[in-house]
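# Turn this into a model:
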Amino acid sequence: MNRSTIYLRGAGGFLDSSRPYSYATYPANQVSRISIPNSAPSAVYDDQTKQSQALLYRLSGDYNPLHSDPDIAQLAGFTRPILHGLCTLGFAARAVINGLFAGLVSGEGTAVKGIFGRFLLHVYPGETLSTEMWLDGQKVHYQTKVKERNCAVLSGYVLLQHIPSSL
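Presented below is the predicted three-dimensional model:
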């Protein structure tokens, strides 16, 4: 199943009776709750995005000008174009693989069964992403922050197919 929600900053007024979106209105069995542990993370992985990252990610087929045109980005309330959310999610998934499976055989991406993420804030190309992760059985809780702004931008979990014995 693939569930997608589009969030439009400041959008609304489609119906007089419309209320702001809330996960509280979703059926309980369709919303994955995310809880970040209060303990120290099992691993932390930092990765630098490139200034050209959003332009490169356009090759995926997402040509939304929010990611490339400074004027459109400013109209949307950003100081400059932002990184694609799925690109940020890809950085988080890679951080979990590289952070937990460091030193193991390359290609441990096959260990990932599924990934869930909740986007919290935008990322600007060129920023450093720091992903903290907590191993909980076959589930890895993670939180990705932008180092330069000291804010969480993504949180979620990764489900693993298997856990290497080294973990």
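# how deep is the closest residue to residue 52 other than its chain neighbours tucked in, by neighbour count?
Residue nearest to residue 52 in three dimensions, not counting chain neighbours: residue 125, with 6.8 Å by CB to CB, 6 or more residues apart in numbering. To be clear about C-beta, it is placed using only N, CA and C from the backbone, and glycine gets the same treatment. The tally of other residues near residue 125 (other CB atoms under 10 Å) stands at 21.
# try the one 4 residues further on
For residue 129, the number of neighbouring residues by other CB under 10 Å comes to 23.
# Now name the helix or strand holding it.
Assigning secondary structure by DSSP states H and E places residue 129 in strand 128-136.
# Could you do residue 73 as well?
Per DSSP H and E: helix 70-75 holds residue 73.
# Past that helix, which element shows up next along the chain?
Helix 70-75 is succeeded, C-terminally, by helix 85-100 (DSSP H and E).
# any idea how far the residue nearest to residue 62 when sequence neighbours are not counted is from residue 113?
Spatially, and ignoring its direct neighbours in sequence, residue 62 is nearest to residue 84 (5.7 Å; CB to CB, 6+ apart). Per CB to CB, to the nearest Å, residue 84 is found 23 Å from residue 113.
# So if I had to pick from these two, which one is more boxed in?
residue 84 (21 against 12).
# Geometrically speaking, which residue is the centre of this protein?
residue 89 (3.5 Å; CA atoms, centre = their mean).
# Where does residue 153 sit, in terms of helix or strand?
Assigned by DSSP H and E, residue 153 belongs to strand 151-160.
# wait, isn't the residue nearest to the centre of the chain in contact with residue 154?
Yes: contact criterion CB atoms under 8 Å: residue 89 and residue 154 qualify, at 6.7 Å.
# give me the low-pLDDT residue ranges for this structure?
For the chain, the stretches with pLDDT under 70 are 1-33, 103-109, 164-167.
# picking up where we left off before, and the strand holding residue 129 with helix 85-100, angle?
Orientation check (axes from the mean of the first three to the mean of the last three CA atoms, to 10 degrees): strand 128-136 against helix 85-100 gives 60 degrees.
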